[in-house]
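Colleague: 3D, please:
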Amino acid sequence: MNPCMTALRQVIQPLLNFQGVNSGNLNMVDVPFFRRKGKVVFVMGCTGTGKSRLAIDLATRFSAEIVNSDKIQVYKGLDIVTNKVTPEESLGVTHHLLGTVDDTYEDFTAEDFQREAIRAIESIVERDRVPIIAGGSNSYIEALVNGCVDFRLRYDCCFLWVDVSTKVLNSFVSERVDKMVEMGLVDEVRRIFDPSSSDYSAGIRRAIGVPELDEFLRAEMRNFPVETTERLLETAIQKIKENNCLLVRRQFHKIQRLYKQWKWNMHRVDATEVFLRRGQEADVAWDNLVARPSALAVERFLNYSDDHHHLDSTDIHLPEISAVPPLPAAVAAISR
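Modeller: Model prediction:
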């Protein structure tokens, strides 16, 4: 039985037994749920838009804990490649499902995420704290919110979409790759490189930054001329940048689809101006344009009257997006 349905049956069966109801032929979806719903906040957005920063900002304001929903960051290792938040950046906020999966060669599926995310959310709620789900893997969020009946019956949701102009974000993502290389990205990948395998379709090995370096690392092991390896490394870094930009487009396209399909209670915050500024000016813009509006939306969500099922939200004006081209295997693997 689906783990969501199993959990749902465990929750409502005592109620059915108390009322003398035989649930043998009962459609679980049609069972009224009398328990007061919990509340879960989601922080969505493309890679590099500041989802982790916003989630941490909110967690420090609302006594919350964060559940990672990035399908690559769930694995242990490759902290630079996967751009995990550091202990210093986390500001003491508890993170769940961040660098917890040991088996780096197997996929952590949407079903795995459903099971573990619900377990984490239940633990957070039981301690009277707010769960914040943050990450770029929208397929995980889709599986939890739309694919899990138990979750829909037990929790109300507030969605925050951190959006940045594609042109501005692409430039930032490319700059971020250069910084990651300076921090040791190549050495990180070199440590897990397996010359006996060229399969990058599963686990953490599908992370952007790993398959792109394969040709360079093989040439390096075979003692190719320095000029050749330098050229291959330069090509690999450029491909990492290109694949990250393609991932941005793919993620944006998915968020559009999810909003249009389910009309979710989604609040769009435009962080473009933050990325156009530097230093203290950028921090001020972040607080005024992203952190404060998001905190206001969450505050309203957490305190709305019990007789309302949804928080009223402003309409989202979705910009047009050009057709998304076919993706390289490395990008498709982590964005599906």
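
Colleague: Distance check, Gly147 against Arg115.
Modeller: Gly147 sits 12 Å away from Arg115, going by CB to CB, to the nearest Å. (C-beta placed from N, C-alpha, C; glycine too.)

Colleague: what about the nearest residue to Arg61 once chain neighbours are set aside, helix or strand, and which?
Modeller: In this structure, Arg61 finds its nearest non-sequential neighbour in Ala295, 5.5 Å apart by CB to CB, 6 or more residues apart in numbering. In this structure, Ala295 sits in helix 292-303 according to DSSP states H and E.

Colleague: Which strands or helices does that helix pack on?
Modeller: Using 3 or more CB pairs under 8 Å, 6 or more residues apart in numbering; DSSP states H and E as the contact test, the elements touching helix 292-303 are strand 38-45, helix 51-62, strand 155-163, strand 266-270.

Colleague: try it again with 10 Å
Modeller: strand 38-45, helix 51-62, strand 130-134, strand 155-163, strand 266-270 (3 or more CB pairs under 10 Å, 6 or more residues apart in numbering; DSSP states H and E).

Colleague: Mean pLDDT, distance to Ser90 and mean neighbour count added to these, as TSV?
Modeller: Shown next, in TSV, are the helices and strands packed on helix 292-303 (pLDDT from 0 to 100; distance: least, CB to CB, whole Å; neighbours: other CB atoms under 10 Å):
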stretch	mean pLDDT	distance to Ser90	mean neighbour count
strand 38-45	96	14	24
helix 51-62	96	6	21
strand 130-134	98	12	25
strand 155-163	94	18	23
strand 266-270	92	21	19
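
Colleague: Distance to Ser201 for these - can I get that in TSV?
Modeller: Below are those laid out as TSV (distance: least, CB to CB, whole Å):
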stretch	distance to Ser201
strand 38-45	25
helix 51-62	25
strand 130-134	26
strand 155-163	29
strand 266-270	32
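
Colleague: Of all those, which one is nearest Met180?
Modeller: With CB to CB as the measure, helix 51-62 is the member of the helices and strands packed on helix 292-303 nearest Met180 (14.8 Å).

Colleague: can you give me how far that closest one is from the chain middle?
Modeller: 14 Å (CA atoms, centre = their mean, to the nearest Å).

Colleague: returning to what we had before: so who does the residue nearest to Arg61 touch?
Modeller: Each residue near Ala295 by CB atoms under 10 Å, 6 or more residues apart in numbering is listed here: Leu54, Asp57, Leu58, Arg61, Phe62, Leu160, Asp287.

Colleague: sorry, back to before: do you know which of the helices and strands packed on helix 292-303 lies nearest Ser69?
Modeller: For those, proximity to Ser69 was assessed by CB to CB; strand 130-134 is nearest, at 5.1 Å.

Colleague: That closest one pairs with which strands?
Modeller: In the sheet, strand 130-134 lines up against strand 38-45 (parallel), strand 64-68 (parallel) (DSSP bridges).

Colleague: What count of nearby residues applies to Leu91?
Modeller: 11 (other CB atoms under 10 Å).

Colleague: who are the neighbours in contact with it?
Modeller: Going by CB under 10 Å, 6+ apart, Leu91 touches Ile56, Asp57, Ala59, Thr60, Val85.

Colleague: Now the two most distant members of those.
Modeller: Across these, the longest distance by CB to CB is 13.1 Å; it joins Thr60 and Val85.

Colleague: Overlap in contacts, these two.
Modeller: By CB under 10 Å, 6+ apart, Thr60 and Val85 have these common neighbours: Leu91, Val93.

Colleague: And the next helix or strand past whichever strand or helix holds Met180?
Modeller: Assigned by DSSP H and E, Met180 falls within helix 166-183. Scanning forward in sequence from helix 166-183 by DSSP H and E, the next helix or strand is helix 185-192.

Colleague: follow-up on the earlier one: possible to save the contacts of Leu91 as a markdown table with distance to Leu302?
Modeller: Formatted as a markdown table, the entries for those read as follows, by distance: CB to CB, whole Å:
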| residue | distance to Leu302 |
| --- | --- |
| Ile56 | 17 |
| Asp57 | 15 |
| Ala59 | 13 |
| Thr60 | 15 |
| Val85 | 23 |
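
Colleague: Against which helices or strands is the helix holding Met180 packed?
Modeller: Under the contact criterion of 3+ CB pairs under 10 Å, 6+ apart, helix 166-183 touches helix 185-192, helix 226-262, helix 272-275.
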